[in-house]
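**Q** Sequence below, structure please.
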Amino acid sequence: MAGSTDRTVHDIFVNMEYGPTASCTTATAQAWLDHHSRSLGLFIDGNFVRPADRQTRSLADSKGGNVCSTVCAVEDDISQCASSAVAGYKAWSGLSCYQRAKVLLRLVSVVGQHAQCVSELCELCEASCSPSALVRLLQYYSSWAQLRDTLITNWTPLGNSVIVIPGRSTTPPSLLLAQLFMAAGLPAGTFNVVTGSDVTLGAKVAQNHSISYVTYSGNKQDGLTLCKATAGMGVPVSVSPCVGATCAFIIFESADIDSAVDGAIEAAFKKKKEVHWVLCVQESVLDSVVARLRQRMAGMKCVSLPSDEDRVLVEAAVQEAQQQGATLVQSCAAPPSGSQYPPTVFCGAAPSSSCVVTPSAGPLLPLMTFRSNTEAVTLGNHSPHGQAASIWTEDLTLALETAKNLSVGSVWVNSHSVSDPCLPISGHKDSGTCTDGGQEGLYQFLRPSSSSSPPLPRSSPVSMDYTKFGTAASPAIIPGGSDSASAPKPYLQFVGGKACKAESGCSVAVQSPGGSSVIAYCPDGGRKDVRNAVEAAIKVQPGWMKKSPSARAQSLYSLAKGLEAKKHDIAASINVQTGLSLEEADGEVELSIARLSDWVAYCDKVEGRTLHVPASGSALSFPEGLGVVGVILPDRNPLLSMVTLLGAAIATGNAVVMVPSQKHPLPALAFIQVLQSSDLPAGLVNIVTGSRDQLTVALATHSVIKAIWYWGSTEGCQYLQYTCTSPLKTLRLFCQKDEEKNEDWSHPSLLEETWRNAVQWKSMWIPTA
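**A** Below is the predicted model of the structure:
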């Protein structure tokens, strides 16, 4: 190729051979490791610390050579690190916006000076990080540090301190970056690194009451382990399982086939592959794609596997795919033994095959076919993950329509694996519970500056049997007096657009404010009622989300008008249920009407935008609804809290299954009359009454529910944190143990926070050259 003198340009284009691989050296990284005697400790309070009598673990490179050893932190190290982080937070957050931005910009220069060492160390440890990407990240967020007071008002100041717990392969680069941060002038204690043997170290760090937030990035299984281990600690945990996800690579007949095939090979068989790709090809161009795959893969070298055990798993996957009718396209014959395997394409793989659903590590690329755009979207959404997808077509309309219908956080058109820190990306389905990137990615590290949304109280996990939570039977109803005039009124719940009884046929008694008498009966809903409500919601939610913001605003406006027409009846129900005076009840109804009007205004005011990116092309970002949201309502302000959460959810394109306060359900049940007279689609809003704990279990264990907003007991919060991991659900949890610290539902800043909890972000990258 490049060194040949007897090859013409025409020959190169006909054969489409790859050029020689550039040689690389790691001399600078090796020198840095030798400087630390290849024995790396912790980074605490701005210094490398290597405590005595600590266990160590070794890190090897891809060839089995020793890179270095790292220390396994213990409780004393964690305590020292947390104290350092508290001091670092005070120093860092005390700086002005300009001073923090200046440090980050200085870090850009420092990283540039040591880019070779960073690059070589990442190459040596097989960590996916490039100095150019790091520089771009620092440049982008240094601007936000400068503009924080101007553009992000009503939120706590930026300036958190961080304790980083790197994975095995990312430990040396993390320690190097910590050193560079200190060289740029970051206050000591602001950036700390502790290392350990497994993910349980994260749970040990989270136990420290100085920790306010935990975010995890890595493989799914470790993320779920962390969620379960931190349940009940009172610390929010977000996970982003970016390693091991399955992503669709879709080639339409209108694509540039040569470019698409090159992109597929580069994505699927590159050395540092964090995701698994599934190739989806339109049937009309299948033969052309397979022919080019054979041509481009010819002569490709075998790829190294992490271990000999992985070779066994790869061969088992290949054998199973062949048994299910798939044919192989391989670059060369597989060696008889060893931890290497040639790039392999499974042509005609079945969607249910394990190589598609749970692919093993290795250079394997399943290939499936589709006939129409609808089938392509179905295959693209087949995976339980929702991280990203790549679409190849010259038809922009087709690309936009497909991208809109794919349930993923990032979509690349005629490209793949492109990223920029200005793009907000949310993990869809099992690919995470947080938003990273852009301005939107900052809010997970902030809190509203008002006290309208108090965090969970820090505590130790409660000893509880998760299998028995929510299994207690409802209190039996004992017949009262024989006077029909004073008999408690029976109410119905609201499922699928119809008022109905519970599936069990049972009811629960609603007590008066003092608990001295029964004032009503409401249905005792259970798992079947939740199932019916979710089935109704999932049918209508996709169509509701596709409605224009102005159309959703009109429906919400009709809801506000209906509430105004029934305000006296609703106020009376608040008065009877809570004991508030009629004047106070009227005030809550008026606030509720105003809150619905706020959501009418919000519908078409907060939308996506076109982003300016350094690379060639255009990038779009836009918010989408989460799907079906389960809401367990608080006891305080039963009507205002309901319309606040209900309005936020449906204004952003979600459907809801709401569980009214077990103590004060009547205002929500009286609101059913308003829902029936509105023009909201049947099934968009469902109200199921009954035992809070029992209905919480039903919502938590339902696979279709995407998010749960919960106001309830400490045990309920812990149960949700432990249970809502498979599939992952976005949680918003509040403990009602301390009545005085409950949410202020009349506070204006609550709107923005609630809206941000009701959406997930999607980014779309469209290259122009």
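
**Q** Residue 698 - that's part of a strand, no?
**A** No. The assignment for residue 698, made by DSSP: H, G, I helix; E, B strand; the rest coil, is helix rather than a strand.

**Q** Give me the distance between the closest residue to it other than its chain neighbours and residue 606.
**A** Of all residues not flanking residue 698 in the chain, residue 530 sits nearest, at 3.9 Å (C-beta to C-beta, 6 or more residues apart in numbering). In short, each C-beta sits where N, CA and C put it, glycine included. Separation of residue 530 from residue 606 (C-beta to C-beta, to the nearest Å) stands at 30 Å.

**Q** So the two - more neighbours on which side?
**A** More crowded of residue 530 and residue 606, by other C-beta atoms under 10 Å: residue 530, with 27 against 15.

**Q** Where does the more buried one sit: helix, strand or coil?
**A** Three-state assignment for residue 530 (three-state DSSP): helix.

**Q** That one is in contact with residue 695, isn't it?
**A** Yes. Counting by C-beta atoms under 8 Å, residue 530 does reach residue 695; the two are 6.3 Å apart.

**Q** which residues are in contact with both of the two?
**A** residue 688 (C-beta atoms under 8 Å, 6 or more residues apart in numbering).

**Q** related to what we said a few turns ago, got the contact list for the residue nearest to residue 698?
**A** 657, 688, 695, 698, 699, 702.

**Q** Secondary structure class of the first one, three-state.
**A** Classification of residue 657 into helix, strand or coil gives strand, according to three-state DSSP.

**Q** do the same with the last one
**A** Assigned with three-state DSSP, residue 702 falls in the coil class.

**Q** Does it touch residue 534 like I think?
**A** Yes. Counting by C-beta under 8 Å, residue 534 is a contact partner of residue 702 at 5.6 Å.

**Q** So what does residue 378 have for phi and psi?
**A** phi -60, psi -40 (degrees, to the nearest 10).

**Q** now it: how far from residue 255?
**A** Residue 378 is 19 Å from residue 255, by C-beta to C-beta.

**Q** neighbour count winner among these two?
**A** residue 255 (24 against 14).

**Q** I figured that one hits residue 398, correct?
**A** No. Checked against C-beta under 8 Å, the pair residue 255 and residue 398 is beyond contact range at 9.9 Å.

**Q** Any idea how far stretch 694-706 is from the middle of the chain?
**A** Offset of stretch 694-706 from its chain centre (C-alpha atoms, centre = their mean, to the nearest Å): 18 Å.

**Q** where along the stretch 51-200 of the chain do the strands fall?
**A** 56-60, 66-71, 162-164, 191-193 (DSSP state E, counting those that start in this stretch).

**Q** And those strands: which comes nearest residue 38?
**A** strand 66-71 (4.4 Å; C-beta to C-beta).

**Q** Of the strands of the stretch 51-200 of the chain, which stretch is the most buried?
**A** Of the strands of the stretch 51-200 of the chain, the one with the most neighbours on average (mean count of other C-beta atoms under 10 Å) is strand 191-193, at a mean of 25.

**Q** Show me what it packs onto, helices and strands only.
**A** Strand 191-193 makes packing contacts with strand 42-44, helix 75-93, strand 162-164, helix 171-183 when contacts are defined by 3 or more C-beta pairs under 8 Å, 6 or more residues apart in numbering; DSSP states H and E.

**Q** So which of these is nearest residue 240?
**A** Here strand 162-164 is closest among the helices and strands packed on strand 191-193 (C-beta to C-beta), at 14.7 Å.
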